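[1] sequence first, predicted coordinates after that:
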Amino acid sequence: MTNGTADPIMLELVDEDGRTIGTAEKLSAHQAPGRLHRAFSVFLFDDMGRLLLQRRALGKYHSPGVWSNTCCGHPYPGEQPFAAAARRVGEELGMAPSLMREAGTVRYNHPDPASGLVEQEYNHLFAGLVRDMPRPDPEEIAETAFVTPEELLKRHEAEPFSAWFMTVLDAARGGIREVTGVSAGW
């Protein structure tokens, strides 16, 4: 895995309070038992209050083919989480939020039984609005869908979702309502 060079992608390792304590290569940080590192999760909504979901591309090394929040990832060492979130929305979805703000943080440890990898993350949450239609990068995203809360519940019962999805959605709910004005069911 590279970031356009021969160098591996590096992540920021953090302590329980989210303070940077070092760096690690991306894959090694996710190998069991996992190392606590900085991450971000984005939740974008359209003008009708529907959440934009993505189904991860089948070629992803971690959690391929499962549904998840609008965008998630890891800041590069020294990169601000907000800047990383905006960058990845553009890279993965080919669009920019018309509004995006912080919606809290959450710390979790989610092993993925299918891959054996571990999400041990201090996750910065962002919520916002989007007015453009996504133009997903097929290397990152297999499919997108805008869903109401009711549609999300049905999809979540019937299809696989990322191990972290409900944790980050639950943690972001207050921020989602505050930032976007979207309230019904979220």
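    Perfect, I can see it now.
[2] list the buried residues for stretch 133-147?
    For stretch 133-147, the neighbour count (16 or more other CB atoms under 10 Å) marks 134, 136, 140, 141, 142, 144, 146, 147 as buried. In this view, the C-beta of every residue, glycine as well, is placed from N, C-alpha and C.
[3] and the gap between the fourth one and residue 18?
    Residue 141 sits 28 Å away from residue 18 when distances are taken as CB to CB, to the nearest Å.
[4] quick one: contacts of the helix ranked longest in the chain?
    Determined from DSSP state H, the single longest helix within the chain is helix 165-180. Defining contact as CB atoms under 8 Å, 6 or more residues apart in numbering, one finds that helix 165-180 is touched by 41, 43, 45, 49, 67-69, 72, 99-106, 108, 110, 123, 125, 127-129, 156, 182-183, 186.
[5] quick check: buried residues in that helix?
    Per 16+ other CB under 10 Å, helix 165-180 contains these buried residues: 165, 167, 168, 169, 171, 172, 173, 175, 176, 179, 180.
[6] tell me how far that helix lies from the chain's centre.
    Its chain's C-alpha centre and that of helix 165-180 lie 12 Å apart, by CA atoms, centre = their mean, to the nearest Å.
[7] what score does the residue nearest the centre of the chain have for pLDDT?
    Central residue check for the chain by CA atoms, centre = their mean: the C-alpha nearest the mean position is that of residue 72, 1.9 Å away. pLDDT for residue 72: 95.
[8] kindly report the same for residue 49.
    Residue 49 is given a pLDDT of 90.
[9] and it, how far from residue 135?
    Distance from residue 49 to residue 135, by CB to CB: 22 Å.
[10] residue 15 now?
    Taken as CB to CB, the span from residue 15 to residue 135 is 38 Å.
[11] tell me who's in contact with the closest residue to residue 141 other than its chain neighbours.
    Nearest non-adjacent residue to residue 141, counting by CB to CB, 6 or more residues apart in numbering: residue 54, 4.7 Å away. By CB under 8 Å, 6+ apart, the contact list for residue 54 reads 67, 68, 69, 70, 71, 92, 93, 134, 136, 141, 143, 144.
[12] and those residues, which is closest to residue 118?
    residue 68 (16.3 Å; CB to CB).
[13] phi, psi of that closest one?
    The phi/psi pair for residue 68 (degrees, to the nearest 10) reads phi -160, psi -180.
[14] who does it form a beta bridge with?
    Counting by DSSP bridges, residue 68 is bridged to residue 54.
[15] in contact with it, which residues?
    By CB under 8 Å, 6+ apart, the neighbours of residue 68 are 53, 54, 55, 56, 161, 162, 164, 165.
[16] one more time with 7 Å
    53, 54, 56, 161, 162, 165 (CB atoms under 7 Å, 6 or more residues apart in numbering).
[17] what comes up buried for stretch 100-117?
    Here stretch 100-117 shows 100, 102, 103, 104, 105, 106, 107, 108, 110, 112, 117 as buried, counting by 16+ other CB under 10 Å.
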